[in-house]
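In: pasting a predicted model and its sequence here:
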Amino acid sequence: MKRTLLLIILLLCFTNKVHANELIITDKNMNETIRRDDFSLSLFDDIFVDREKLDVLLNRLEEQVYQPPTNAKFDDSWKLIPEKNGQKLDRINFKKFFYEFFYSDVSFEMKIPKKNVYPKVDSELLSDIRSNEIGSYVTYYRPSNKERSHNIKLAAEAINNVVVFPGENFSFNKVVGKRTKEKGYLRAPVIVRGELSEDIGGGICQVSSTLFNAVSLKGIEIVERYSHSRNVPYVPPGKDATVSWWGPDFIFRNEYSHPILIRAKAIDGKMIVRIFSSEHIRTHE
């Protein structure tokens, strides 16, 4: 009898010890259990947290939790589509809870603490900068050239609704990104070292050139711009802006007092870029 009672007591002690080492982390699609001993610095008799391992845990949880915010934007008919908040791991509160668990002798269960991630462009801002058109430019292309027209449309969609804040640089390559088959770009004519050739994304220089002419304004500083090695038919000589993922970029800086909104559209053989801002916009003296 005494022997059976002793075994029961030992079993209960062992069970409590296992549970006392556990932190259960839950979320909508997550249920993860970690053990206290796995985060101890063994050289110090388990009294300190291994911060490198904790950082690895935080980064892994962040990847699972993070949801990017969505900026407000206009559709083709100027209907306002509201912004959406994103979310990320609240690292400070998670650490506080983790240390409380680590220096205790009980198990914990916690829901992942989160913080809102707010979009850079909200409905109020867009409403303020939609009414004053400060620049525009139109170029023309042949819709019958399906591949080139397709590339122009993709690049136009990429820069459409982009807001450039005061003092901020706009980089065409950064905004549009690498032109690849995976992103839908097709092979079309390009100019390489003065010669006509074909490459993925051919035609997008018409988009960057149209944008360059639309932002040739008093309050816009052209930071980086290169011309083609030969004249192009869609803009006057010297008014083009060639771009390449591994080469030239088109970059400008907003020197106005208010943000500017880029509206771009490729339709029926016309590449259209319009620039908007607040009624109260002014240049810095």
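Out: Received it, and whenever you're ready, just let me know what you need.
In: enumerate every residue touching the residue most central in space within the chain.
Out: A centroid search over the chain (Cα atoms, centre = their mean) returns Pro68, at 7.5 Å, as the residue closest to the centre. If a contact means Cβ atoms under 8 Å, 6 or more residues apart in numbering, then Pro68 has Gly86, Val117 as its contacts. Bear in mind the C-beta positions are built from the backbone N, C-alpha and C, glycine included.
In: from Gly247, how far out is it?
Out: Distance of Pro68 to Gly247, computed by Cβ to Cβ, to the nearest Å: 29 Å.
In: same thing with Phe172?
Out: Taking Cβ to Cβ, one finds Phe172 at 12 Å from Gly247.
In: what about these two, which has more around it?
Out: Phe172 (25 against 10; other Cβ atoms under 10 Å).
In: tally up the residues packed near the closest residue to that one other than its chain neighbours, please.
Out: Leaving aside its sequence neighbours, Phe172 sits nearest to Phe250 (Cβ to Cβ, 6 or more residues apart in numbering; 4.2 Å). Counted with other Cβ under 10 Å, residues neighbouring Phe250 total 26.
In: equivalent analysis for the one 10 residues further on, please.
Out: Residue crowding around Ile260 was assessed by other Cβ under 10 Å; the count is 27.
In: list the contacts for it?
Out: By Cβ under 8 Å, 6+ apart, the residues touching Ile260 are Ile129, Ile134, Val163, Val164, Val215, Ile220, Asn254, Ile275, Phe276, Ser277, Ile281.
In: wait, a helix at the last one?
Out: So that's Ile281. No: Ile281 is assigned coil when assessed by DSSP: H, G, I helix; E, B strand; the rest coil, not a helix.
In: is it true that it touches Pro259?
Out: No: using Cβ atoms under 8 Å, Ile281 is not in contact with Pro259; the gap is 9.0 Å.
In: more neighbours: which of the two?
Out: Neighbour count, other Cβ under 10 Å: between Ile281 and Pro259, Pro259 has more, with 21 against 17.
In: which phi and psi does the more buried one have?
Out: Dihedral pair for Pro259: phi -60, psi 160, per degrees, to the nearest 10.
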